[in-house]
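A.B. asks: Sequence first, predicted model second:
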Amino acid sequence: MSQPEPLARLIGLLARLPGIGRRSAERIALLLVRDGPGLAGELSLALANLPARVKCCSLCGNVTLAEADPCRLCTDPRRDPHVLCVVEEADDIPLIEKAGVFHGRYHALMGRLSPMRGEGLHNTRIEGLLKRVREGGVQEVILALGTNVESDATAAFIAHELARAGLKVSRLALGIPAGSELAYSDPVTLSRAIQGRQPV
Ligand SMILES: [Zn+2]
């Protein structure tokens, strides 16, 4: 039996979210139908308000209230503006904050270079990073990227570009398992990896 169109449409949308497969999307959609207007109404209100209330910081990419851009990490005068930590995704930033050993500024790439898929700079914020560095003030860049092929290609490209600008560049090495993303590292491992960073 085919599903009513509004339900099928909702399931299709939910299934596009990360980590939610078709079966989970169906269960969520049915829960919303069963619950009546309560949860569905609150959800739709939260979703409708989201773009106006929350955004990604125009400097680092961290999630921030729309009225607080640049975000508090970019404007906190106690943080060192000379050291920049480059991460792949904005949600890597709270992971490094949790490790508690980094007190500089951040730059999230929102992706990585994928030479195998022929994807280049236009898919990342690398150009923004190089621009930030060229504007001056940054003396050291820590590449807190994953350890898979695409992360390696991204790190190599950035290191090459930054070395030309005479910057000190280092990369997390210790304790990050090969072939993995930062999100799978615990705070203790991450803190050791930051302190044990290797020049590149
Ligand atoms: Zn920021």
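C.D. replies: Good, I have the coordinates.

A.B. asks: give the contact list for the residue nearest in space to the middle of the chain.
C.D. replies: Centroid-nearest residue in the chain: residue 89, 1.5 Å away (criterion: C-alpha atoms, centre = their mean). Counting by C-beta atoms under 8 Å, 6 or more residues apart in numbering, residue 89 touches 108-111, 182-183. Any C-beta I mention is one placed from the backbone N, CA and C, and that applies to glycine too.

A.B. asks: Nearest to the ion among those residues?
C.D. replies: Closest approach between these and the ion, by C-beta to the ion: residue 108, at 8.8 Å.

A.B. asks: shouldn't that closest one be in contact with residue 88?
C.D. replies: Yes - between residue 108 and residue 88 a contact is recorded at 7.2 Å, counting by C-beta atoms under 8 Å.

A.B. asks: which of those two has more neighbours?
C.D. replies: Shown here are residue 108 and residue 88; by other C-beta atoms under 10 Å, residue 108 has more neighbours (25 against 22).

A.B. asks: and residue 129, how far is that from residue 106?
C.D. replies: Per C-beta to C-beta, to the nearest Å, residue 129 is found 11 Å from residue 106.

A.B. asks: okay, these two: which has more neighbours?
C.D. replies: When residue 129 and residue 106 are compared for neighbours, residue 106 comes out ahead with 25 against 20, by other C-beta under 10 Å.

A.B. asks: Bridged to that one, which residues?
C.D. replies: Counting by DSSP bridges, residue 106 is bridged to residue 85.
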